[in-house]
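In: got a predicted structure here, sequence first:
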Amino acid sequence: MHKVMAGAAALAMLLSGGAVAQAAQASTAYPANKPNITELLGEFNNWWTPKKVVDNTAQGDAFRGSVTDAGRSVLAYSDDTVVAINNHAAKDTTKVDGTDTQAHRAAFDASDSPANAITSYSTALGDTIGKYLREGLSNGSLPKTNALVFDASSPVATSGFVGTGSAKKDFNYPRPYFTKADQGVDRTIGGDTNLNGLKPELGIIHIPMFTQDGQEFGEDYTDYEEPSQAFPSGHTTKAYNRGIALSTLLPELGPEIMARASEAGNNRVVLGVHYPMDVMGGRIAATASSSALWSDSGFRTNELLPAHDELENYIAARCKADGNGSTVGECVTKLGANADKGYVNTFTDVVSTKPVTDRASAIDAYTSRMTYGFAQTSAAGQAPKVPAGAEDLLLTAFPDLSVAQRRQILEASEIDSGYPLDASSQGYQRLNLAKAYSANVTLSADGSTIVAISFGNAQSKVTKVSDSDAVTNLLKDFNRYFVAGVGVTDEGKAVLSHDDQLTESINHAAFRADGKTVQDQRALSDAQMNSTNTLYDALGPVLGAYFKQAADSGKLPKTEQYLKDMNKSASTGSAKAWYQHPRPYVDRVNYVGTTLNMNGTAQTLNIQKVPGYESFDWGNGSPIDNEYDNLYNSGSFPSGHTTFAFTQGTGLASILPELGPQIMTRVSEAGNNRIVLGVHYPLDILGGHIAGQYGVANALNDDTTRKESADARAELVGYLTAQCKADGHGNTLQTCIDATGANDAKGYANAFTDEVSTKPVTDLQSALAAYQARMSYGFATTGTAGQTPVVPDAAVNLLSNVSAFSVLSADQKKQVLAATEGDSGYPLDATSEGWARVNLAAAYSAKVTLSADGKNITKVEPGQTVASVVREKSAEQIDNGGNGNAGTNNQQPTKPGKNGTGASNNKPQANGVLAATGADISAAIVAVAALALIGSAVTVVARKRRH
């Protein structure tokens, strides 16, 4: 039994007879259907058979029963956990909040008086908003809030709606601290209780009572003499009732408030008066009773919503007056109450193993106390289950969502099935309210369907997707195969089956149980999204080392800024929300609160999770986290990491095209590494490939960005050239590249092979082959192959710094891109406006042959170590033996690579049209100054390959 002795606390006096008590409304209690707590917690009877209580005295029937065989391991774990938490807290002298030890906080929480509850819960709001709450309650400004949340004597007090006394007697379980020395009996109750091998005495340490402000707090451990059984915890039930009520009134801080409620429950374990199972039962009881109250329309209209408006308006007014923002949301953010200036508690134990320092850690603490580390006792992996009416718990957090949509949030945020008490709890055991209050919800354009939910956000919000986003529109072909909130289409079944099969194949090819394969490690490095670490080895050992050293030491500020700006050129947020395709390793049928029709494809793929991604180090000082968990509800299509890689790779290649083939192949590896980790599919990578190239190319339409690009190139080339010269590798960048072999056999290399890229990358030709293979990932065509080339106007910007191409017109550069592009008809091509076909690796390695007058391109030969432009000899030059104005602008042709006749993957076009032009490529194809295919006099080495 807890003990609180009257003292001089001013707030307590006010609440017992002062302003707040007088302001409480004389309201009508609403007789909503009360949940049957004994039934909700009935699974406890699988582990313990209670004696029926007729005489609830120590000498009569109290605390008597038998532990079942099935219950031995479950209840033994409960015993061990209460001992570990209690003993640790009893000896810990750390001031966990800067003022009190955890033992003192537990003793304080033992008093569930209104004054103590106000003090406890105000700590969940941060210093400033907590002060506002205390002052508003003490001066009578918040009578409705007080009546609903804190005043236990109020007829509408949520903490008094459902008691646990009846359930306690029904289950009749002994307390953990009973000993012969203190109570005269241990947990066997003089031999009347059969513990079936469990310890009669657990070694609970009594936490001494303490005095604060003239008031004594703590436990007197008299539950035996005045029988109050352990299961479920009544204090925990009241604490969660108050926490849920206050979270409903102030949902902006719902995660913090619920975490504080979980601490209050855990404090019963700290004191050693309850087991973890008792606390879990109390949470279930409170959640069920709050759901019942919130579902009563009269209660909502007359009590709940008016109290919400009262508190929101009061806090907003106080915030505005103090210059902390004009809304509660603004105030919470400005004050950091939803971050590191809010609820804080550094106490850790065997269950909650990390200090609470911000919202994320508050949600983690809450979640850990939902299961207390118990093993699952019934089936795991069941479909989500939300009790009827529970959606009303999110009524004020998401007022504009429908009942069904609020249920989806609860489904998406709930924990797994099968933990103790889940089987009988009707779904209440799984509801993770702390997580649910942090949801960001994305709706379809018409608002009818949730297409994305994410959790752990600083502010909850609801937004609608728009397909007007450029990246979303470029990828619209994906909707032929999958529809958000619906599932796999009939047309998409074969496409996505191939997508699934390749995902498993590539993931398995790289995997080793210890997560230490070279490719796994490269994938983890790429996952950090550090462009320097991803890109440097594309330049070969020598130039790559120069680049990395300079970038890491800040010697390339213009290059660094340019790449940062290119990262901003393409965003996948809207597209992910629009397409909302589940990740490979998740339950793809029961996804973000919807049931998807996977149309015969697997519910979950067989993904080998890389250990390093389960405890991932971002390399920037961020806490270690489990990225598989973090990405669970984040849509897979298109890949954001791949988009980032391609903005960085395309950006760097645009200012260092001398190594463009190697750079582009390296970022194609970075995209493929998302499949290696098992978090993306090939189609996701293709989508990111398109988005990244599109973003950089269009950014370069801007004069300022072009100037930034030119400055970055001058800086980078100047630095690399100086380093090369100093080390004796040549006086120009090209000489250095040739001397170090960075553009061929001593450049970018990668030994990893898989079902798509079947040979190691060892030189230029194998790099081009790997890049080309990852442009289609072996998909069958879903549209017409062999179509007329389509080259986006902006793509020409990406060739601006190819020195040899400076003599080409924009239309001629477009012809180079057309001659080197991939074939049409593969997935995503139909809506990509040509971006799915652009093969920059091939284009950067092309030898271009012009007609003698320079007006027409007669031949394009990708696969050269150095890009070049040459002219055919005129009749006059042929007559004089070739002397005269050969080459371009009196320049000698740049020497070709070792495969000077290397062909692209393009078929010759009989009509001579190599590229569609115009800002609106979806309109009619407009011929450019084309390659004139006149009889057999011209050879075009530009053949499309099926890839």
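Out: All right, it came through fine.

In: state the distance from residue 387 to residue 427.
Out: According to Cβ to Cβ, to the nearest Å, residue 387 stands 5 Å off from residue 427. C-beta: built from backbone N, CA, C; applies to glycine.

In: show me where the stretch 651-800 of the chain has its helices.
Out: Under the criterion DSSP state H, counting those that start in this stretch, the stretch 651-800 of the chain carries helices at the ranges 660-676, 682-699, 703-726, 733-740, 764-773.

In: I'd like these as CSV, with mean pLDDT, distance to residue 547 and mean neighbour count appended.
Out: Formatted as CSV, the helices of the stretch 651-800 of the chain follow (pLDDT from 0 to 100; distance: least, Cβ to Cβ, whole Å; neighbours: other Cβ atoms under 10 Å):
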stretch, mean pLDDT, distance to residue 547, mean neighbour count
helix 660-676, 98, 11, 29
helix 682-699, 98, 19, 28
helix 703-726, 97, 7, 17
helix 733-740, 98, 12, 20
helix 764-773, 98, 18, 23
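
In: any chance of the ones you listed in JSON lines with distance to residue 269 as columns?
Out: JSON lines is the format used below for the helices of the stretch 651-800 of the chain (distance: least, Cβ to Cβ, whole Å):
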{"stretch": "helix 660-676", "distance to residue 269": "42"}
{"stretch": "helix 682-699", "distance to residue 269": "44"}
{"stretch": "helix 703-726", "distance to residue 269": "59"}
{"stretch": "helix 733-740", "distance to residue 269": "65"}
{"stretch": "helix 764-773", "distance to residue 269": "56"}
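
In: right, and those helices - which one's nearest residue 561?
Out: Residue 561 lies closest to helix 703-726 among the helices of the stretch 651-800 of the chain, at 7.2 Å (Cβ to Cβ).

In: chain center to the closest one, what's the gap?
Out: Put simply, helix 703-726 sits 36 Å off its chain's centre (Cα atoms, centre = their mean, to the nearest Å).

In: over to stretch 659-677?
Out: 23 Å.

In: C-alpha coordinates for it, PDB please?
Out: Extracted C-alpha coordinates of stretch 659-677, given in PDB (Å, rounded to 0.1, in the frame of the first residue of the first chain):
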ATOM      1  CA  LEU A 659      36.200   9.500 -65.800                       C
ATOM      2  CA  GLY A 660      32.500   9.700 -66.400                       C
ATOM      3  CA  PRO A 661      32.100   6.000 -67.400                       C
ATOM      4  CA  GLN A 662      33.800   4.900 -64.200                       C
ATOM      5  CA  ILE A 663      31.900   7.400 -62.000                       C
ATOM      6  CA  MET A 664      28.500   6.400 -63.400                       C
ATOM      7  CA  THR A 665      29.300   2.700 -63.000                       C
ATOM      8  CA  ARG A 666      30.300   3.200 -59.400                       C
ATOM      9  CA  VAL A 667      27.000   4.900 -58.600                       C
ATOM     10  CA  SER A 668      25.200   2.100 -60.400                       C
ATOM     11  CA  GLU A 669      26.900  -0.100 -57.900                       C
ATOM     12  CA  ALA A 670      25.800   2.100 -55.000                       C
ATOM     13  CA  GLY A 671      22.200   1.700 -56.300                       C
ATOM     14  CA  ASN A 672      22.700  -2.100 -56.600                       C
ATOM     15  CA  ASN A 673      24.000  -2.100 -53.000                       C
ATOM     16  CA  ARG A 674      20.500  -1.200 -51.800                       C
ATOM     17  CA  ILE A 675      19.500  -4.600 -53.100                       C
ATOM     18  CA  VAL A 676      22.500  -6.200 -51.500                       C
ATOM     19  CA  LEU A 677      21.200  -4.900 -48.100                       C
END
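
In: distance check, residue 644 against residue 425.
Out: Taking Cβ to Cβ, one finds residue 644 at 43 Å from residue 425.

In: what does residue 287 give?
Out: 9 Å.

In: show me where the protein dips below the pLDDT cut-off.
Out: Applying pLDDT under 70 to the chain flags the ranges 1-32, 467-468, 877-947.

In: the same query, at a cut-off of 50, please.
Out: Where the chain drops to pLDDT under 50, the residues are 3-27, 882-947.

In: per-domain residue ranges of the protein.
Out: Per automatic domain parsing, the structural domains of the chain span 10-20+76-377, 470-780, 781-947.

In: same list, the ones you listed, but as a markdown table with distance to residue 420 please.
Out: Formatted as a markdown table, these follow (distance: least, Cβ to Cβ, whole Å):
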| stretch | distance to residue 420 |
| --- | --- |
| domain 10-20+76-377 | 5 |
| domain 470-780 | 22 |
| domain 781-947 | 46 |
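
In: out of those domains, which gets nearest to residue 411?
Out: domain 470-780 (4.0 Å).

In: out of the domains of the chain, nearest to residue 49?
Out: The minimum distance between residue 49 and the domains of the chain falls on domain 10-20+76-377, with 8.8 Å, by Cβ to Cβ.

In: can I assume residue 868 is in contact with residue 802?
Out: No - using Cβ atoms under 8 Å, residue 868 is not in contact with residue 802, being 9.7 Å away.

In: more neighbours: which of the two?
Out: The residue with more neighbours, out of residue 868 and residue 802, is residue 868; 26 against 23, by other Cβ atoms under 10 Å.

In: for that one, name its beta-bridge partners.
Out: Taking DSSP bridges, one finds residue 847 as the beta-bridge partners of residue 868.

In: rewinding a little: now for residue 868 and residue 802: what residues contact both?
Out: Common contacts of residue 868 and residue 802 (Cβ atoms under 8 Å, 6 or more residues apart in numbering): none found.

In: show me what the host helix or strand of residue 115 is packed up against.
Out: Element membership for residue 115 (DSSP states H and E) is helix 114-122. Here helix 114-122 touches helix 10-17, helix 102-109, helix 126-138, helix 234-249, helix 254-270, going by 3 or more Cβ pairs under 8 Å, 6 or more residues apart in numbering; DSSP states H and E.

In: nearest to residue 62, of those helices?
Out: So among the helices and strands packed on helix 114-122, helix 234-249 is nearest, using Cβ to Cβ, at 15.3 Å.

In: please save the CA atoms from the closest one in PDB.
Out: Extracted C-alpha coordinates of helix 234-249, given in PDB (Å, rounded to 0.1, in the frame of the first residue of the first chain):
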ATOM      1  CA  GLY A 234      -4.100  -0.500  -9.900                       C
ATOM      2  CA  HIS A 235      -1.500   2.300  -9.700                       C
ATOM      3  CA  THR A 236      -0.400   1.600 -13.300                       C
ATOM      4  CA  THR A 237      -4.000   1.600 -14.500                       C
ATOM      5  CA  LYS A 238      -4.600   5.000 -13.000                       C
ATOM      6  CA  ALA A 239      -1.300   6.300 -14.400                       C
ATOM      7  CA  TYR A 240      -2.100   5.200 -17.900                       C
ATOM      8  CA  ASN A 241      -5.700   6.500 -17.600                       C
ATOM      9  CA  ARG A 242      -4.300   9.900 -16.800                       C
ATOM     10  CA  GLY A 243      -1.600   9.700 -19.400                       C
ATOM     11  CA  ILE A 244      -4.000   8.800 -22.200                       C
ATOM     12  CA  ALA A 245      -6.400  11.600 -21.100                       C
ATOM     13  CA  LEU A 246      -3.600  14.200 -21.000                       C
ATOM     14  CA  SER A 247      -2.200  13.000 -24.400                       C
ATOM     15  CA  THR A 248      -5.700  13.400 -25.900                       C
ATOM     16  CA  LEU A 249      -5.900  16.900 -24.600                       C
END
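
In: tell me the angle it makes with helix 114-122.
Out: 60 degrees (axes from the mean of the first three to the mean of the last three Cα atoms, to 10 degrees).

In: same for helix 234-249, what does it pack against?
Out: Here helix 234-249 touches helix 114-122, helix 254-270, helix 276-294, helix 305-321, going by 3+ Cβ pairs under 8 Å, 6+ apart.

In: hmm, try it at 10 Å
Out: For helix 234-249, the contact count by 3 or more Cβ pairs under 10 Å, 6 or more residues apart in numbering; DSSP states H and E identifies helix 102-109, helix 114-122, helix 143-145, helix 165-171, helix 254-270, helix 276-294, helix 305-321, helix 433-436 as packing neighbours.

In: now mean neighbour count too, for those, in JSON lines please.
Out: As requested, the helices and strands packed on helix 234-249 are exported to JSON lines (neighbours: other Cβ atoms under 10 Å):
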{"stretch": "helix 102-109", "mean neighbour count": "25"}
{"stretch": "helix 114-122", "mean neighbour count": "23"}
{"stretch": "helix 143-145", "mean neighbour count": "23"}
{"stretch": "helix 165-171", "mean neighbour count": "20"}
{"stretch": "helix 254-270", "mean neighbour count": "29"}
{"stretch": "helix 276-294", "mean neighbour count": "28"}
{"stretch": "helix 305-321", "mean neighbour count": "18"}
{"stretch": "helix 433-436", "mean neighbour count": "28"}
